[in-house]
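[1] just the structure for this:
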Amino acid sequence: MKKILTVLSIFILSACNSDNDSLKETVSSNSADVVETETYQLTPVDAPSSFLSHSWEQTCGTPILSESDKQAISFNFVAPELKQDEKYCFTFKGITGGHRYITNTTLTVVAPTLEVYVDHASLPSLQQLVHIIQAKDEYPSNQRFVSWGRVTVDANNASKLNIHTYPLKGNNTSPEMVAAIGEYAQSKNRLNIEIYTNTTHALNNLAPIIQPLYNNENIKISHISLYDDGSAEYVNLYQWKDTPNKVEALENEVTLLADYLAGTSPDAPKWMGNRYNWHKLYDTDYYFLRKDYLDVEANLHDFRNYLGPAAKQMPWDEFAKLSDSQQTLFLDIVGFDKEQLQQQYSQSPLPNFIFTGTTTWAGGETKEYYAQQQVNVINNAINETSPYYLGEDYDLFFKGHPAGGVINDIILGSFPDMINIPAKISFEVLMMTDMLPDTVAGIASSLYFTIPADKVNFIVFTSSDTITDREEALKSPLVQVMLTLGIVKEKDVLFWADLPDCSSGVCIDK
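    Have a look, this model is predicted:
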């Protein structure tokens, strides 16, 4: 039940009978949303507990007030099951000790809401977790069905947040999640469903949920929230920005998306058409990691206008707005010991440097190669003989990729004094909790889209067989996006192939 309580008390001196006796009057008003079948207690506001005379009167909505409730001081309103939302208005009047108390209460009976969260990536899941913790107090009766790949909620915390967990199928919505939603929907007279998922995987995550419910008039997809996966969306936008008539092409695919969801067409929109047309069918917000890219890139202004108010900046200050107990809950779920890291930061007077690692989905020798290249990057940062030396001594920290595995092990084994921040802790958690170090450098990833530029020393991009020189490398979409956004300056853009070999203890140009 979402309870919005607005109380207005007005004291009025008025004549209340023909004998000109006067009563002081207190008028109060309150309102609330009540979920079907749930109970709300109506009681006078800003009033004593007993009266010489009193009564309740219903002033709007389908008649529901019983004779006994009319004569009660307080009574329970049980929200009926309805075909649509309806307002019920009640007025209490009570007199005692020369004072009249009036309370006007407006209740809106609403459908229950099911919140569904599906995401394989860290960044969206963290945003969604903060939202759940915020929403729990405001919407205590909402059930929450969750499929996350990078955030695990144990049974105790799940119970606190009304969370029911389901597996992913690969990176997407699983049959188990779809079945659970269908079963829950069948148990309700009507139902609002809010879906929170990943922009890049929007179609694969949303369609399995929406298609079975599409023709059920008692089920409403009341809101969709889509969160950037990371830097991939920006690489795609960069590759798409010069496409002729791109917005017209998007508009032409709205009907195709609707037909696909309705089951009347087997063909789904491709690429941008299945990411950025949801606001044409449903109340939708797109949370951009860097919404300003739509402003600074002139060739995306038409796209920005197409999205309109549905395009929103992903917030990073929501953790700070949580209460102490809510922050503790968040940290417990993500497994981050903030106090321990603070102690590690403070263990010496040296400034703190975090190296951020990467991974590869290939195996064997490729993993070994990725690990050794990152070891060399760190050596360049801390070795005075390298032109990329940080310039002073630092306490060295390592934040490996959550899927780094053996790569992380090799890197940590190469630097015995390096302090490990557990790989499962997303770097974004440090930013959300105001635990960024003095400086950061490492392998290019989406986390650099949100780190303040003055904390970024350099960013290293992976070299490949297809990129043979620096000039060509600088043209890569990810580099171009980062340069456009001011995330890094061209002089601070490095490639593995640029770096001297520091394996001997002295850095030598390759």
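
[2] got the domain boundaries for the protein?
    10-109, 113-319, 336-498 (automatic domain parsing).

[3] save these as a markdown table, and put in mean pLDDT too.
    Shown next, in a markdown table, are the domains of the chain (pLDDT from 0 to 100):
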| stretch | mean pLDDT |
| --- | --- |
| domain 10-109 | 90 |
| domain 113-319 | 97 |
| domain 336-498 | 90 |
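
[4] export the ones you listed to a markdown table and tack on mean neighbour count and distance to Q326?
    Every C-beta, even on glycine, is put in place using the N, C-alpha and C of the backbone. Converted to a markdown table, these look like this (neighbours: other C-beta atoms under 10 Å; distance: least, C-beta to C-beta, whole Å):
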| stretch | mean neighbour count | distance to Q326 |
| --- | --- | --- |
| domain 10-109 | 15 | 22 |
| domain 113-319 | 18 | 5 |
| domain 336-498 | 17 | 13 |
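
[5] so for V506, which of those domains sits nearest?
    Closest approach to V506 among those (C-beta to C-beta): domain 336-498, 5.0 Å.

[6] would you agree D229 is in contact with N198?
    Yes: with contact defined as C-beta atoms under 8 Å, D229 reaches N198; the gap is 5.2 Å.

[7] shared neighbours, these two?
    Taking C-beta atoms under 8 Å, 6 or more residues apart in numbering as the contact rule, D229 and N198 both touch 121, 124.

[8] in this structure S28 contacts T43, no?
    No: when contacts are counted by C-beta under 8 Å, S28 is not listed as touching T43 (10.8 Å).

[9] shared neighbours, these two?
    Contact criterion C-beta under 8 Å, 6+ apart; residues shared by S28 and T43: T103.

[10] show me what contacts F319?
    Counting by C-beta under 8 Å, 6+ apart, F319 touches 130, 327, 330, 432-433.

[11] center of the protein, which residue is that?
    Q127 (2.7 Å; C-alpha atoms, centre = their mean).

[12] any idea which element it lies in?
    Using DSSP states H and E, Q127 sits in helix 122-138.

[13] mind saving the C-alpha coords of that helix as PDB?
    Extracted in PDB, the C-alpha atoms of helix 122-138 (Å, rounded to 0.1, in the frame of the first residue of the first chain):
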ATOM      1  CA  SER A 122      26.600  -5.200 -12.500                       C
ATOM      2  CA  LEU A 123      25.700  -1.600 -13.400                       C
ATOM      3  CA  PRO A 124      22.000  -2.000 -14.000                       C
ATOM      4  CA  SER A 125      21.600  -4.400 -11.100                       C
ATOM      5  CA  LEU A 126      23.100  -1.900  -8.600                       C
ATOM      6  CA  GLN A 127      20.800   0.800  -9.800                       C
ATOM      7  CA  GLN A 128      17.900  -1.600  -9.400                       C
ATOM      8  CA  LEU A 129      18.900  -2.700  -5.900                       C
ATOM      9  CA  VAL A 130      19.000   0.900  -4.700                       C
ATOM     10  CA  HIS A 131      15.500   1.400  -6.200                       C
ATOM     11  CA  ILE A 132      14.200  -1.700  -4.400                       C
ATOM     12  CA  ILE A 133      15.500  -0.600  -1.100                       C
ATOM     13  CA  GLN A 134      14.000   2.900  -1.600                       C
ATOM     14  CA  ALA A 135      10.700   1.500  -2.700                       C
ATOM     15  CA  LYS A 136      10.300  -1.000   0.200                       C
ATOM     16  CA  ASP A 137       9.100   1.600   2.700                       C
ATOM     17  CA  GLU A 138       6.900   3.400   0.200                       C
END
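
[14] all helices in the stretch 401-510 of the chain, in order from the N-terminus.
    For the stretch 401-510 of the chain, the helices defined by DSSP state H, counting those that start in this stretch cover 406-414, 427-432, 470-473, 477-484.
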